[in-house]
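1. all I have is the shape, not the residue letters:
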DNA sequence: AGCTTTGGATTGACATGTCAACCCGGGAGG
DNA sequence: CCTCCCGGGTTGACATGTCAATCCAAAGCT
């Protein structure tokens, strides 16, 4: 499509066309993310972080998890989770409680308030995903999006190892 | 591909497969964004926000812009820009100065330090984009990514107007 | 002139993230 | 026993974002 020129020194740098696609792609996914977040916020008074935590706890046996386990499950650093749990606890969405088996650790429990907030948020959130993401794409494009995500993820994983 | 069931009430909600793609897509773009940001930070001591501001100023006539103009150019709210400029000014990357033609307004000027920081960041940043994004995709996938971004953007724009 | 409105920009309060330092309860070795 | 380290978790400092309120000068309106 676009020919490499000597200026690009053996394809170390993207071409103008590649760069245009990059900017479109990253800016658009950013807008999408913030639009979904803003729907979630206005329709359910939850942030994406709240939603991720509540989803994990809702699906956990006995609606509770160890803090580290939870962090690993949603892919967060423990410090980030600790700060976030503090804010959620102030709002009554979760409760922290000393762990029975390991005096060092903490168990995170879903409260009735948290369970109810999550229940009420699910349908509107899924609807927003359909309206803003799924409905924007043709079936082919949707499949392509899945493949692109998989390819990016695989590539990032190999680079991480190194 | 996946049949809608009565449970989904006329396609209001995404199917399980659509949801899986959504999660893959949004999580992966998030990881990609943060990996690029972290390369920029470690290689050039700039945040993506710093980069956007410096890029706009570098390309502006006389390397200066009105604050609102800059905000519109990079698509930020003015309050966000004001906070960010405060931090950049403390680091000496930009300078704010009363506007000659409109006493209310401020002109944002690129400093020598800022220009130098931006110059040094460009090549590593573009290299990261190639390595982490462009190189992860086949040429077809790259084109598809561009089309997906365009479709999403167009869809979001129509929804914004309403 | 006097009053309201508008537009440009900053500010403060607060949510969210990252990073590094810390606290604290167990072990492992001596 | 004592020390050193390790793993779970919290904390503090600070960067980044959003939202609503504010400030101030310029325009309109009466």
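-> All right, it came through fine. Small disclaimer: the values here were computed from a predicted structure and weren't measured.
2. what helix or strand is residue A:146 located in?
-> Here residue A:146, judged by DSSP states H and E, is contained in helix A:139-161.
3. right, I mislabeled it, should have said residue A:113
-> Per DSSP H and E: residue A:113 is located in helix A:112-132.
4. packing partners of that helix?
-> If you count contacts as 3 or more Cβ pairs under 8 Å, 6 or more residues apart in numbering or on different chains; DSSP states H and E, helix A:112-132 packs onto helix A:16-44, helix A:48-59, helix B:16-44, helix B:139-161. For every residue, glycine as well, the C-beta is placed using N, CA and C.
5. and the last one, how far from the chain's centre?
-> This points to helix B:139-161. Distance of helix B:139-161 from the chain centroid (Cα atoms, centre = their mean, to the nearest Å) equals 15 Å.
6. who touches that helix?
-> A:1, A:18, A:20-21, A:24-25, A:27-29, A:31-32, A:35, A:131-133, A:135-138, A:141, A:144-145, A:147-148, A:151, B:134, B:137 (Cβ atoms under 8 Å, 6 or more residues apart in numbering or on different chains).
7. got a PyMOL select line for the buried ones in those residues?
-> With 16 or more other Cβ atoms under 10 Å in any protein chain shown as the criterion, this PyMOL line picks the buried residues out of those:
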select buried, (chain A and resi 18+21+24+25+28+29+31+32+35+131+132+133+136+137+141+144+145+147+148+151) or (chain B and resi 134+137)
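8. where are the low-confidence patches of chain A?
-> Filtered on pLDDT under 70, chain A yields the residue ranges A:1-10, A:161-162.
9. in it, what residue is nearest DNA strand C?
-> Residue nearest to DNA strand C within chain A: residue A:47 (2.8 Å; Cβ to the nearest atom of the strand).
10. before we move on, back to that, got the angle for the helix holding residue A:113 vs helix B:16-44?
-> 90 degrees (axes from the mean of the first three to the mean of the last three Cα atoms, to 10 degrees).
11. and chain A, which of its residues are near DNA strand D?
-> Contact residues, chain A versus DNA strand D (Cβ under 7 Å from any atom of the strand): A:34, A:38, A:66-69, A:78-79, A:81-83, A:85-86, A:96, A:99, A:102, A:104-106.
12. quick check: ChimeraX command selecting the buried ones in those residues.
-> Those of the residues of chain A next to DNA strand D that count as buried under 16+ other Cβ under 10 Å are selected in ChimeraX with:
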select /A:66,67,81,85,106
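13. among the residues of chain A next to DNA strand D, which lie within strands?
-> Counting by DSSP state E, the part of the residues of chain A next to DNA strand D found in strands is A:66, A:96, A:106.
14. find the nearest non-adjacent residue to the second one, please.
-> It refers to residue A:96. residue A:106 (5.0 Å; Cβ to Cβ, 6 or more residues apart in numbering or on different chains).
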